[in-house]
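[1] okay, sequence plus prediction incoming.
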Amino acid sequence: MKRAILLQIEPTTRKEAILSDFNKSALSEFNLMLSERKGCKRIGDFHHKVCHPSKDRTGFNIQIVTSFIRDAWKKKGNEVRSLTTKFNVPRNCSTFSTKSLDFVELGIYPRNRVAAPIVKNRNWQRYTSLLAGGWICKTYGLTSNLQIVAYLSKDDAPIPQRKNVLGIDINAKHFAVSVVSPEGDVLYQTYFGRHIYARRKKVMERRAILQSFNAKDKLLRLRTRERDFVKTNLGQMVKEIMNLALRFDADIAIENLKRFKPKGRKYNKKVMNIPFFTFRQILTSRCFDNSVTLNIVDSWHTSKYCSHCGAVGEGHDSGNYALFRCKCGVVVNSDRNASKNIAIKSLLEREHSLNTNAQISNRQGLVNDLLLSYESGLSVAVQHSNHLDGKPTPFRGG
């Protein structure tokens, strides 16, 4: 598991000037490396071409030059406007403390290090608490606006399996949540994130007006405010989801969403506005902190299965997109139905169910298809056949 924390520093006027000059030289050198990639087929050829000339021009430590080469080789484009320079511990960077301050010391040039005090704000408190909790920081980065990025890492320890599963269905308007027990009982259902969609809808309307006036500065500020709002509220939503998981002793399951096929301009705009990647990043981090397993299940037919009888339908009702209507007579909210199916998929993929002959997902190789009620002779929706007791263990429909 990896994590990055932004730390603020308060260098003296002389040290600030040294770091600023270094950032300007580093940005210029990095852009020069980007322009010299042409004609190099491998990173070894690129390294041989630019390493020694760059060292002679700048005088930087060789670790900084080699990190620039690696990043420049992976970077797309021929120019960057900002750059974070990485310093490795202990060769090119170190930390030390005095009675009242903590310092990070950066080795910019050989035999020339700059030590800057870290501001003791909330990020610093979180940084120290993570270090006390077993996290290790082997790399620090200097940003263009003279802040320090601490790159922390920690080995993934085995997490004990919890009793229930909390399934999350992610869509444009809200996130539906269902907590399902191993017996198939729905313990809790709710929605999150409706206010995020309402706010982003207003932002889209405001953006359309600003685009008609070609107000680039205001559009940039609007995009920044929208990004900050979404990220902050996603963090709060993940916190509430995590409290639910701990309350019901549940692991968490989400879909493995992939790139959507284009279906039209309006549809694509709604789908691409779903903050799935940011949500997944925050959720993964919080699950790791709280020792909750995050299961990624296949998204195949999660919105088309009926969680009551197990039949596969067309999914959303033709008259009302928010409803799921099945031939068995069940009419239920489509997002709740999908979130329950996601939880059931995760339950069927657990270790004790690997010897089953049926499950919804195609994630495991030993499965074939979903058992329907008329095929098994039982009035249940989804089930797996663990023959430990000679009888199949059912998942009762809700």
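    Thanks, I have the structure now. The structure displayed is predicted, hence computed values, not measured ones. Numbers count the residues shown, from 1 in each chain.
[2] where does pLDDT dip in the stretch 151-300 of the chain?
    Along the stretch 151-300 of the chain, segments meeting pLDDT under 70 span 258-263, 265-272.
[3] in it, which spans are helices?
    Ranges of helices in the stretch 151-300 of the chain, per DSSP state H, counting those that start in this stretch, are 194-212, 216-247, 265-272, 276-289.
[4] right, so the ones you listed: which one is the most enclosed?
    Of the helices of the stretch 151-300 of the chain, the one with the most neighbours on average (mean count of other C-beta atoms under 10 Å) is helix 276-289, at a mean of 17. No exception for glycine: its C-beta is placed from N, CA and C like everyone else's.
[5] what sits up against that helix?
    Applying C-beta atoms under 8 Å, 6 or more residues apart in numbering, the external contacts of helix 276-289 come out as 1, 3, 154, 156, 170, 175, 230-231, 234-235, 237-239, 241-242, 252, 254, 257, 292-294.
[6] who's in contact with the residue nearest to residue 25 when sequence neighbours are not counted?
    Leaving out its chain neighbours, the residue that sits closest to residue 25 by C-beta to C-beta, 6 or more residues apart in numbering is residue 58, at 5.8 Å. Residue 58 sits next to 25-26, 29, 65 when contact means C-beta under 8 Å, 6+ apart.
[7] next, name the residue at the spatial heart of the chain.
    With distances taken as C-alpha atoms, centre = their mean, the residue of the chain nearest its centroid is residue 281 (1.6 Å).
[8] how near is that residue to residue 67?
    As judged by C-beta to C-beta, to the nearest Å, residue 281 and residue 67 stand 24 Å apart.
[9] in a strand, residue 103, correct?
    Yes. Secondary structure of residue 103 (DSSP: H, G, I helix; E, B strand; the rest coil): part of a strand.
[10] and it, what are its bridge partners?
    When bridges are called by DSSP bridges, residue 103 pairs up with residue 96, residue 117.
[11] then residue 168?
    Taking DSSP bridges as the rule, residue 168 bridges to residue 177, residue 254.
[12] quick one, what contacts the closest residue to residue 95 other than its chain neighbours?
    Leaving out its chain neighbours, the residue that sits closest to residue 95 by C-beta to C-beta, 6+ apart is residue 104, at 5.3 Å. Contacts for residue 104 (C-beta under 8 Å, 6+ apart) come out as 7, 9, 93-95, 115-116, 118, 140, 148.
[13] closest to residue 311 out of the residues you listed?
    Closest approach to residue 311 among the contacts of residue 104 (C-beta to C-beta): residue 7, at 55.0 Å.
[14] distance check, the closest residue to that closest one other than its chain neighbours against residue 342.
    Nearest residue to residue 7, sequence neighbours excluded (C-beta to C-beta, 6+ apart): residue 148, at 4.3 Å. Distance of residue 148 to residue 342, given as C-beta to C-beta: 40 Å.
[15] more neighbours, the two?
    Neighbours of residue 148 and residue 342, each counted by other C-beta atoms under 10 Å, are more numerous for residue 342; the result is 32 against 24.
[16] quickly find the element holding that one.
    Residue 342 belongs to helix 334-348 when assigned by DSSP states H and E.
[17] tell me how many other residues crowd residue 143.
    Residue 143 has 14 neighbours, counted by other C-beta under 10 Å.
[18] buried residues in stretch 69-89?
    Using 16 or more other C-beta atoms under 10 Å as the test for burial, stretch 69-89 gives 69, 71-73, 83-89.
[19] of the residues you listed, which belong to strands?
    Under the assignment DSSP state E, those contribute 85-88 to strands.
[20] show the end-to-end separation of stretch 292-300, please.
    24 Å (C-alpha to C-alpha, to the nearest Å).
[21] got the contact list for it?
    Applying C-beta under 8 Å, 6+ apart, the set of residues contacting stretch 292-300 is 159, 161-162, 165, 242, 245-246, 250-258, 283-284, 286-287, 342, 345-346, 349, 360-363.
[22] same check on stretch 10-20?
    Contacts to stretch 10-20, defined as C-beta under 8 Å, 6+ apart, come from residues 106, 108, 114-117, 119, 142, 146.
[23] in it, which residues are buried?
    The neighbour-count check on stretch 10-20 (16+ other C-beta under 10 Å) flags 11, 15, 18-19 as buried.
[24] go on, stretch 249-258?
    Buried positions in stretch 249-258, judged by neighbour count with 16+ other C-beta under 10 Å: 250-255.
[25] residues in contact with residue 248?
    Residues in contact with residue 248 (C-beta under 8 Å, 6+ apart) are 164, 166, 179, 187-188.
[26] for residue 284, see how far away the closest residue to it other than its chain neighbours is.
    In space, and not counting its chain neighbours, residue 248 is closest to residue 179: 4.8 Å by C-beta to C-beta, 6+ apart. Computed as C-beta to C-beta, the residue 179 to residue 284 distance reads 19 Å.
[27] ok so, going back, turn the contacts of residue 58 into a markdown table, including pLDDT and neighbour count.
    Shown next, in a markdown table, are those (pLDDT from 0 to 100; neighbours: other C-beta atoms under 10 Å):
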| residue | pLDDT | neighbour count |
| --- | --- | --- |
| 25 | 95 | 15 |
| 26 | 95 | 21 |
| 29 | 95 | 20 |
| 65 | 94 | 22 |
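[28] can you tell me which of those lies nearest to residue 334?
    The closest of the contacts of residue 58 to residue 334 turns out to be residue 26 (C-beta to C-beta; 51.8 Å).
[29] quickly find the element holding the closest one.
    Assignment of secondary structure by DSSP H and E places residue 26 within helix 13-35.
[30] how far out from the middle of the chain is that helix?
    A distance of 31 Å separates the centroid of the chain from that of helix 13-35, by C-alpha atoms, centre = their mean, to the nearest Å.
[31] same question, stretch 148-155
    16 Å.
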